[in-house]
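In: Whatever this is, show me its structure:
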Amino acid sequence: MRLADTSPSRRDLAPRFIAFGVVIILAVAGLGLRLFQLQVAQGSSYGVYAEQQLTTERPIPVSRGLVYDRRGRLLVENVPTFVLRILPADMPFEVRPDVAERISRLTDIPARTIIERLDSHTGSQYELVRIADIATETARVIAEDPGQFPGVQVDLEARRLYSQGKLMSHVLGWTGRISGPEYQRLKDAGYYPEDLLGKAGLEASYEDVLRGTYGLEAVDLDSQGNEIHAPEVLREPVPGSSLELTIDTGVQKEAEKAIKWAMDRVGIKRGTLIAMNPQNGEILAMVSLPSYDNNEFAQGISSARYRRLLKDPAKPMLNVAINEQYPPGSTYKLVTGTGALADGKISAASRVKTEPFIEIGEWKYWDWNREGWGPLNIYDGFGHSSDTFFYKLSGMLGIDRLAYWAHQFGFGKPSGIDLPGEASGIVPTNEWKERTLNEQYFTGELYQAGIGQGYDSATPLQMLNAYAALANGGTIYKPQLVRKILDAEGKVIERVPPEVVREMDVDKSVLRTMRVAARRVVTIRHTYNLVDLPIVVAGKSGTAEFGLRDKQGRLPFSNWFVAFVPKEAHKTESDPNGIAAIKREDSDLVVLAYLDDTRTKGNVATEVVKYFLQLHFGIKNDLRQNWVLQRDNFYDSNS
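Out: Numbering: from 1, shown residues only. Predicted coordinates:
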């Protein structure tokens with residue numbers, strides 16, 4: 001039997017071929033129309049758009065300004081270092097984990113940190129993302145095998161080198177990568193997402209001067225993000241200016257040696273030593289211990305290391321000289337004595353009876369020796385640092401007049417030094433206590449204020465500046481750390497002159513009396529053998545109790561000593577006691593030491609200043625008294 005033929009006939013296929021042909025014709029016509037629209041009708045506009053997409057602008061970095069000390073010694077410079085960067089467009093997402101792991105093995109940077117840096121980048125995929133500084137050997141390995149590191153580039157970049165390390169860290173500060181919030185605040189000022197920024201110290205205060213002005217260039221890229229030809233410079237870069245400081249590296253080393261000796265010997269956690277020229281406010285040395293190495297930040301400090309620095313109970317990131325405020329203790333008696341003389345409450349010849357204590361109700365306010373000194377004038381009252389003497393003077397003044405004279409000396413507000421983060425201190429008044437605690441001032445609190453206890457607080461720099469005004473005859477200068485601004489060739493383009501904040505509203509004779517009283521502190525041996533130095537020294541020690549009580553209920557105490565010497569510092573036969581020299585207003589050196597929670601038999605700050613003066617004046621006879629620095633089982637209240 002013959003099977004039926006079931007294949008379609010040509011007559012049956014014809015409609016299908018016709019329909020298919022119509023579809024093809026319509027599709028081709030549509031594509032042709034679209035091509036005509038893109039290439040002819042809108043060709044010019046899309047051509048411009050395409051050209052814009054392949055042209056980008058990028059900054060031309062400039063070298064940051066250098067920093068020198070007052071004698072021209074280089075403190076901060078720029079040194080070449082290899083930097084690892086990644087171009088996100090050239091590193092596909094699927095290979096990022098493997099490449100990050102390879103980089104991690106070479107650099108010890110966690111792979112997740114590298115991925116986080118890429119993911120947090122908010123700019124174009126054609127912008128390089130800075131990862132970290134790398135060693136020369138690491139740079140060589142990456143350069144020799146680029147196939148293992150797609151999108152990775154190694155470039156040379158200038159890195160900050162702080163030649164003195166920890167010695168100058170609190171003064172100079174450091175630079176770091178700009179944060180997201182900082183970039184949002186500064187992008188209109190010419191900053192970029194991967195930029196460096198001064199974060200602390202003078203690097204932060206003089207950011208605008210040191211940074212310079214970045215240049216700008218236009219770069220043409222192909223579709224793969226590669227440069228087509230040499231960039232076109234749109235704006236020339238302007239290098240940053242340099243700084244010449246008031247700091248003398250030699251004096252800074254003397255200060256560090258003096259304070260480090262005492263801290264290491266006794267086990268003190270924190271302290272500062274500052275030296276200044278009282279004739280112009282120039283800081284000659286500012287040491288704060290413990291310190292940190294700002295080179296760690298320049299090299300790219302790890303997050304873990306940074307957290308350890310911040311959590312360290314010794315607070316190495318804190319500049320003790322300016323960042324915190326402390327009860328000033330008996331050094332504050334300068335304010336009380338000056339106020340009582342200036343307001344006519346006493347004269348230089350007046351004698352005030354001192355006693356073992358002054359009693360108010362059930363409270364006894366003791367003199368530090370628990371005996372009193374009998375009748376004293378201002379010279380011996382200041383010299384012996386009699387508490388009951390100054391209780392009575394503060395009672396004569398009242399809290400608001402005491403505050404007035406504190407403000408005259410510069411307490412209660414920042415000194416204005418060219419460093420960030422300066423504390424204000426506290427000068428209490430009746431209005432302050434009502435506003436703060438909703439209470440009136442009590443008489444006992446007034447007594448405490450007169451000897452620098454209670455609510456009063458000051459920074460070491462404020463105290464130094466007050467005694468500088470005493471030494472120079474009543475001029476409050478703004479302390480300064482920068483004296484000149486230099487161009488890229490080292491030529492002076494601006495001098496920073498001394499700035500007078502205020503001439504104190506006080507008769508010159510009052511300050512002359514207080515200078516002689518400060519010399520009396522030394523000559524009656526309240527400061528032990530400081531008088532035996534071959535130079536004339538005047539000053540005041542102080543002890544302040546504050547903090548958390550120990551198991552015996554005692555407060556920790558800290559030591560102050562601030563001193564000044566006349567311009568002609570060495571003793572003479574015609575003026576063996578140095579009285580005539582100290583009456584003059586020509587002192588060019590005032591120095592202060594503050595040490596936190598000392599717990600020693602005597603005033604350790606006095607020994608620190610004594611050692612500094614020996615180093616500074618080349619005094620060979622070492623008069624340090626080690627017994628003063630012995631740790632004690634009781635708290636010596638010697639003022």
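
In: Only C-alpha atoms from now on, for both contacts and neighbour counts.
Out: Fine.

In: Tell me where the stretch 1-150 of the chain has helices.
Out: Secondary structure of the stretch 1-150 of the chain (DSSP state H, counting those that start in this stretch): helices at 10-36, 43-53, 96-107, 111-119, 136-144.

In: got it, and the stretch 301-450 of the chain?
Out: Under the criterion DSSP H, counting those that start in this stretch, the stretch 301-450 of the chain contains helices at 303-311, 333-342, 378-384, 387-397, 399-408, 430-437, 443-450.

In: In CSV, list these along with distance to Arg112.
Out: Converted to CSV, the helices of the stretch 301-450 of the chain look like this (distance: least, Cα to Cα, whole Å):
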stretch, distance to Arg112
helix 303-311, 13
helix 333-342, 58
helix 378-384, 63
helix 387-397, 62
helix 399-408, 54
helix 430-437, 49
helix 443-450, 55
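
In: Dump those helices to a markdown table, plus distance to Asp145, mean neighbour count and mean pLDDT.
Out: Shown next, in a markdown table, are those (distance: least, Cα to Cα, whole Å; neighbours: other Cα atoms under 10 Å; pLDDT from 0 to 100):
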| stretch | distance to Asp145 | mean neighbour count | mean pLDDT |
| --- | --- | --- | --- |
| helix 303-311 | 29 | 11 | 89 |
| helix 333-342 | 71 | 25 | 98 |
| helix 378-384 | 76 | 24 | 98 |
| helix 387-397 | 76 | 24 | 98 |
| helix 399-408 | 67 | 21 | 98 |
| helix 430-437 | 67 | 13 | 95 |
| helix 443-450 | 71 | 22 | 96 |
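
In: Which of the helices of the stretch 1-150 of the chain comes out lowest on mean pLDDT?
Out: When the helices of the stretch 1-150 of the chain are ranked by mean pLDDT, helix 43-53 comes last with a mean of 52.

In: How much space separates Ile178 from Val531?
Out: Per Cα to Cα, to the nearest Å, Ile178 is found 52 Å from Val531.

In: And Ala200, by the same measure?
Out: Ala200 is 40 Å from Val531, by Cα to Cα.

In: for the stretch 201-350 of the chain, what are the low-confidence residue spans?
Out: For the stretch 201-350 of the chain, the stretches flagged by pLDDT under 70 are 223-226.

In: I should have written the stretch 401-550 of the chain there, sorry.
Out: 546-550.

In: Kindly recompute the last result at 50.
Out: For the stretch 401-550 of the chain, no stretch has pLDDT under 50.

In: contacting residues for the nearest residue to Leu615 once chain neighbours are set aside?
Out: Excluding its sequence neighbours, the residue lying closest to Leu615 (Cα to Cα, 6 or more residues apart in numbering) is Glu254, at 6.2 Å. By Cα atoms under 8 Å, 6 or more residues apart in numbering, the contact set of Glu254 is 612, 615-616.

In: Tell me the bridge partners for Thr81.
Out: Glu157 (DSSP bridges).

In: residues near it, how many?
Out: Neighbour count for Thr81, taken as other Cα atoms under 10 Å: 17.

In: And for Glu371, the neighbour number?
Out: Glu371, neighbours per other Cα under 10 Å, totals 13.

In: ditto for Phe564
Out: For Phe564, using other Cα under 10 Å, the count is 31.

In: thought it was touching Val590?
Out: Yes - Phe564 is in contact with Val590 according to Cα atoms under 8 Å; the separation is 4.2 Å.

In: what touches both of the two?
Out: Joint contacts of Phe564 and Val590 (Cα under 8 Å, 6+ apart) are 467-468, 471.

In: Please name the residues that touch the closest residue to Ser457 other than its chain neighbours.
Out: Leaving aside its chain neighbours, Ser457 sits nearest to Pro327 (4.3 Å; criterion: Cα to Cα, 6+ apart). Counting by Cα under 8 Å, 6+ apart, Pro327 makes contact with 452-458, 544-546.

In: could you dump these to TSV with secondary structure?
Out: TSV is the format used below for the contacts of Pro327 (DSSP: H, G, I helix; E, B strand; the rest coil):
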residue	secondary structure
Gly452	coil
Gln453	coil
Gly454	coil
Tyr455	coil
Asp456	coil
Ser457	strand
Ala458	strand
Ala544	strand
Glu545	strand
Phe546	coil
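
In: Pull out the buried residues from the residues you listed.
Out: Among those, the ones that count as buried by 16 or more other Cα atoms under 10 Å are 452-458, 544-545.

In: just so I have it, where are all the strands in the stretch 101-250 of the chain?
Out: 129-134, 152-162, 175-177, 196-198, 215-220, 232-235, 242-245 (DSSP state E, counting those that start in this stretch).

In: Can you tell me which of those is most buried?
Out: Each of the strands of the stretch 101-250 of the chain was scored by mean neighbour count; the highest is strand 242-245, a mean of 27, by mean count of other Cα atoms under 10 Å.

In: just checking, what packs against it?
Out: strand 67-68, helix 207-211, strand 482-486 (3 or more Cα pairs under 8 Å, 6 or more residues apart in numbering; DSSP states H and E).

In: how does it look with 6 Å?
Out: Identification of packing neighbours for strand 242-245 by 3 or more Cα pairs under 6 Å, 6 or more residues apart in numbering; DSSP states H and E yields strand 67-68, strand 482-486.

In: So for Asp133, which of those strands sits nearest?
Out: Asp133 lies closest, by Cα to Cα, to one member of those: strand 67-68, at 22.2 Å.

In: List the contacts of the spatially most central residue of the chain.
Out: With distances taken as Cα atoms, centre = their mean, Gly201 lies nearest the centre of the chain, 3.6 Å away. Counting by Cα atoms under 6 Å, 6 or more residues apart in numbering, Gly201 makes contact with 171-173, 419.

In: ok, so what distance separates it from Val482?
Out: Counting by Cα to Cα - Gly201 and Val482 are separated by 12 Å.

In: do Ser302 as well
Out: Ser302 is 31 Å from Val482, by Cα to Cα.

In: if you count what's nearby, which of the two comes out ahead?
Out: Val482 (24 against 11).

In: hang on, the earlier thing: any chance of the helices and strands packed on strand 242-245 in TSV, with distance to Tyr441 too?
Out: Formatted as TSV, the helices and strands packed on strand 242-245 follow (distance: least, Cα to Cα, whole Å):
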stretch	distance to Tyr441
strand 67-68	49
strand 482-486	42
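
In: Quick one, which of the ones you listed gets closest to Met396.
Out: Taking the helices and strands packed on strand 242-245 one by one with Cα to Cα, strand 482-486 is closest: 42.1 Å.

In: what are the pairing partners of that closest one, and which direction each?
Out: By DSSP bridges, strand 482-486 pairs with strand 242-245 (antiparallel), strand 492-495 (antiparallel).

In: Which of those sits closest to Asp380?
Out: strand 242-245 (39.9 Å).

In: picking that back up, out of the contacts of Glu254, grab the one that's most surrounded.
Out: Going by other Cα under 10 Å, Phe612 tops these with 25 neighbours.

In: Next one: the closest residue to it other than its chain neighbours relative to Arg71, how far apart?
Out: Excluding its sequence neighbours, the residue lying closest to Phe612 (Cα to Cα, 6+ apart) is Ala258, at 5.3 Å. Using Cα to Cα, Ala258 is found at 22 Å from Arg71.

In: Which one's more surrounded, the two?
Out: Ala258 (23 against 13).

In: what's downstream of the strand or helix carrying that one, the next helix or strand?
Out: In the assignment (DSSP states H and E), Ala258 maps to helix 249-266. Counting by DSSP H and E, the next helix or strand C-terminal to helix 249-266 is strand 270-277.

In: want to throw the strands paired with strand 482-486 into CSV with distance to Tyr162?
Out: CSV is the format used below for the strands paired with strand 482-486 (distance: least, Cα to Cα, whole Å):
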stretch, distance to Tyr162
strand 242-245, 14
strand 492-495, 22
